[in-house]
Structure formats: structure tokens, C-alpha cells
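**Q** Dropping a prediction and its sequence here:
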Amino acid sequence: VSYSGNYRIHTFTSSGNFVVTTGSGNVETLVVGGGGGGGAGNSGGGGGAGSVRTSTRLTVTAQTYAVTVGPGGNGGTTGVRGYNGSDSVLSSITSSGGGGGGSRSETVSVHTGANGGSGGGGGTTVGDGTIALGGSGTSGQGNAGGSGRHISGNYEGAGGGGGAGAVGSNNSSGTAGVGGVGISNSITGSGVYYAGGGGGAGNTSSAGGNGGGGAGGTTGVGTAGTANTGGGGGGGNNGGAGGAGGSGVVIIKYLIPTTVCGQNSSNALRSCLAIKNNCPSSVNGTFWVDPLDSGTAVSTYCDMTNGGWTLVVRANNQGDNLLNTTAAYNGVPSPTGNSAKLSHAAIQALVTQSVLTNSVKMDFADAGVVRYIWGACTWTSSTNRNLCASWAATTDATTHLTRCGSTESPSLNNGGGGEWASASITWPYQD
């Protein structure tokens with residue numbers, strides 16, 4: 001899961017589930033099928049790219065949606081055409097896998113590129129000048145592969161696999177066809193090319209198309225398509241196998257509703273900072289957060305006055321051994337309550353999300369101070385100590401910096417009190 005502005009983005013690089021916990025609405029989607037494998041032999045055709053389907057208004061309701069990410073097809077071997085990639089599926093959207101590239105053979109079904117989301121490039125024949133045709137692409141989702149040919153004078157070259165944005169190129173006088181270019185999509189917040197066709201192999205092998213297409217082999221195995229782009233695999237050369245197609249991808253993007261302000265477990269956000277950003281009028285108090293984005297929210301105190309800080313620990317007593325655990329303890333941490341803490345996993349997730357001024361807050365009542373995490377921190381169960389590199393006495397960490405708890409010297413104290421632990425005292429105690 002990632003974020004772009006006020007949007008949450010789920011990127012599936014392998015099959016899984018998309019869970020809508022409550023309500024209904026429209027989501028934006030990108031579904032890319034797996035790329036086809038390249039052909040083999042002397043001058044194998046490039047694999048066709050997986051098809052690309054997009055939607056700006058896929059309606060979802062409260063249920064679990066199975067997400068299938070299609071793997072790329074295997075490359076062909078001697079006498080065997082490259083294998084088609086597998087389909088990627090989300091709800092009613094199916095994106096076909098790319099067609100396999102043709103291999104060198106007199107058999108039409110072997111040297112012809114396979115049909116698919118985009119068609120595989122044609123391979124070559126043994127030398128009679130017969131044109132090996134490329135496969136067809138799915139209308140509106142991909143393009144055809146280019147043709148290959150072997151003519152007298154050793155002018156041998158296979159066709160490039162079709163890409164989502166253009167057809168694969170034909171062989172030209174021994175120069176193999178280039179893989180068809182893919183298409184750019186900005187669902188993740190910046191433009192990324194997907195579904196480039198694989199390059200054909202020949203006397204002069206060619207590049208794959210922009211969008212993860214693998215290059216044709218020069219002396220052996222073709223280059224594999226890039227994972228999670230749906231790019232086709234490059235054709236093999238000099239008896240080498242074709243490159244495997246790149247796996248597909250499924251991406252779902254939706255606007256975080258402005259009413260989602262962490263008031264209950266069903267509309268939790270990942271941190272107090274996220275709640276503050278989504279609901280600027282929020283004031284100090286107890287909110288629901290889901291740091292691990294797991295669907296299991298926890299309640300804690302948020303300091304909204306200073307910009308959205310998440311209180312993760314309330315330590316009233318150095319002698320409270322129950323705090324020495326990686327699990328959550330004693331309910332909701334609050335500035336005036338009993339000793340309590342979130343789980344180490346939740347704290348680590350909050351630290352990882354944070355930037356220069358981390359949105360995580362520690363409260364040590366027995367020391368009479370509140371400390372704020374600043375900088376990179378590693379929570380560890382192997383030593384039961386936090387190896388946080390630095391502290392601050394206020395949220396303005398750049399001007400109120402103190403340091404403690406380095407890996408080399410856990411008891412180092414340059415901040416006038418409040419370090420995590422000495423070598424003999426386990427987290428979260430102070431010495």
C-alpha cells in the first residue's frame with residue numbers, strides 16, 4: 001500500500017485479496033496480464049506483452065475481491081514455441097496474457113507467434129524464405145507481433161513481440177524486429193510504462209519495447225521481461241531458449257474520504273499524522289489508527305496540536321516488567337493514563353512511514369519528560385532494546401535534538417536523561 005496525495009493505492013505484485021470492509025464506491029484500476037515467453041532456436045520471436053485494461057469507475061461494495069496476478073509465460077525451447085502469459089483478473093476485469101514468440105521450425109504452429117493480449121513475434125524457418133507471421137493482439141488491449149524470416153545469404157531475423165502501445169516490428173534483412181512499445185500509466189502518481197513487447201533475435205538482435213520487454217538474445221538465451229510490467233520475453237538465438245515473460249500487476253487506487261478521521265475502527269487511517277492531514281480540524285484526543293494497514297485498528301492518543309503525533313508508549317513506572325514485551329500492553333496509551341504501549345510491529349510501521357520529523361511520540365512519566373522519535377529507528381526483539389538513534393524534547397526536532405541508544409552503546413546518554421536502556425536493563429526502561 002502506498003499513498004499519492006489524498007489517494008490510497010494497493011499494488012498487487014502477486015495474487016491476493018482486496019478487502020472492502022464497509023460501504024461502496026468507485027475505484028480506479030490498472031490490470032496487466034503476464035507477458036508471453038520468447039521463442040527459441042536460431043532467431044526466436046519476441047514474446048507479446050500482456051494486455052492492459054484500465055478503469056476509472058469500477059464499482060466495489062463491502063466484500064472480499066480475489067485478485068489474480070498472471071505470471072509470465074516460460075520461454076520456448078528447440079522446436080517449442082514460447083508459452084503464453086497468464087491472465088490477470090480483478091472482479092469483472094480480465095487482462096489476457098501475452099502470446100508466446102515463435103521458434104525456428106518448418107512447422108507453422110511452431111514458427112508462428114501465438115495470439116494473446118499482444119501477439120508474439122514470428123520466429124524463422126530453416127531457410128526457404130517463408131515468412132513466419134506474428135500473432136494477433138486482443139482488440140483494444142494489445143497489438144500484433146512482427147514477422148520473421150530466413151532468406152538466402154544468412155539474412156535471418158525474427159519478429160518483435162507486440163506491445164500495448166504499438167505492433168512489434170518485422171525482421172528486416174537479418175535485423176530482428178524491435179518489441180512494440182508499451183503504454184504509460186500514472187495510477188501510482190507518476191508515469192510508468194507497462195506491457196512492452198519482447199525483442200526478436202537474429203543476425204542482429206533487437207531491444208524489447210519500453211515497458212519491460214526483454215531484448216532478443218545475441219548468442220544464446222533471450223532476456224526475460226521485467227517482473228510486474230507484463231513485458232514479453234526476448235527471443236533466444238544460436239539454439240538458446242527464449243526469455244520468460246514478465247509477470248503482470250494489478251493496481252487499485254481510490255480517494256480517501258474526507259469523513260475518514262479515525263473516529264472508529266472502520267475508518268482508521270495509518271497514523272495520527274494521516275488523520276490530521278485528512279481532517280485538519282481534528283483536536284487532541286483518542287483516535288483509531290491502523291499502522292500495519294492490516295484491517296485491524298488500534299486506539300491511541302493523538303497530539304493534533306503539534307501536527308499529528310502518535311502516542312505509542314506511556315511508561316509510568318520503571319519497575320513495570322509487563323511493558324517489556326513486543327506485544328501491545330494494557331490498552332490505550334494516553335498522556336495521563338496507566339502504563340500502556342502499542343505493539344513493536346505497530347511502532348516500527350509508524351517509524352517507517354515517517355519522514356524527517358517522525359509522527360511517533362513517547363511519554364515517560366517517571367522522568368517528567370516527553371520524548372519524540374527523530375530519525376531512523378530499529379525496533380528489535382533480539383536484544384529487547386530499541387536502537388533509536390536520536391530523540392527530541394519537542395516536535396521541533398531540528399533544534400531540540402538529543403541522542404541516545406546507539407547500537408554500539410545502548411546506555412549512551414547525551415540528552416540529560418531519557419535514554420532507552422543500559423546494557424543490563426531491557427526496553428523500555430530508563431537507567
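**A** Yep, it's here.
**Q** Could you use CA atoms for every contact and neighbour count after this?
**A** Fine.
**Q** Is residue 10 part of a helix or strand, or is it coil?
**A** Under DSSP: H, G, I helix; E, B strand; the rest coil, residue 10 falls in the strand class.
**Q** what's the neighbour count on it?
**A** Here the number of neighbours of residue 10 (other C-alpha atoms under 10 Å) works out to 16.
**Q** quick one: the closest residue in space to it that isn't next to it in sequence from residue 282, how far?
**A** Spatial nearest neighbour of residue 10, chain neighbours left out: residue 1 (4.6 Å); criterion: C-alpha to C-alpha, 6 or more residues apart in numbering. Taking C-alpha to C-alpha, to the nearest Å as the measure, residue 1 and residue 282 are separated by 24 Å.
**Q** quick one: pLDDT of the nearest residue to residue 14 once chain neighbours are set aside?
**A** Nearest in space to residue 14, with sequence neighbours left out and distances taken as C-alpha to C-alpha, 6+ apart, is residue 69 at 5.2 Å. Among the per-residue scores, residue 69 shows a pLDDT of 98.
**Q** ok, residue 69 - contacts?
**A** Taking C-alpha atoms under 8 Å, 6 or more residues apart in numbering as the criterion, residue 69 is in contact with 12-15, 33-34, 87-89, 247-250.
**Q** likewise residue 30?
**A** So residue 30 contacts 52, 53, 54, 55, 187, 249, 250, 251, 252 (C-alpha under 8 Å, 6+ apart).
**Q** how about 6 Å then?
**A** By C-alpha atoms under 6 Å, 6 or more residues apart in numbering, the residues touching residue 30 are 54, 250, 251.
**Q** can you tell me which helix or strand the last one belongs to?
**A** Here residue 251, judged by DSSP states H and E, is contained in strand 249-255.
**Q** What is the burial count for residue 281?
**A** Counted by other C-alpha under 10 Å, the residues lying close to residue 281 total 11.
**Q** is it fair to say it lies in a helix?
**A** No. Counting by three-state DSSP, residue 281 is not found in a helix; it is coil.
**Q** Just among the contacts of residue 30, which is most surrounded?
**A** residue 250 (28 neighbours).
**Q** Tell me where the stretch 51-200 of the chain has strands.
**A** 52-61, 64-68, 88-90, 93-95, 131-132, 148-151, 155-157, 183-185, 192-194 (DSSP state E, counting those that start in this stretch).
**Q** strand partners of the shortest one, parallel vs antiparallel please.
**A** Put plainly, it is strand 131-132. Strand pairing for strand 131-132, using DSSP bridges, gives strand 148-151 (antiparallel).
**Q** what does the last one give?
**A** Using DSSP bridges, the neighbouring strands of strand 192-194 in the sheet come out as strand 183-185 (antiparallel).
**Q** now the strand it pairs with, how far from the chain's geometric center?
**A** 16 Å (C-alpha atoms, centre = their mean, to the nearest Å).
**Q** Buried residues, stretch 38-56. List them.
**A** By neighbour count on 16 or more other C-alpha atoms under 10 Å, the buried set for stretch 38-56 is 38-54.
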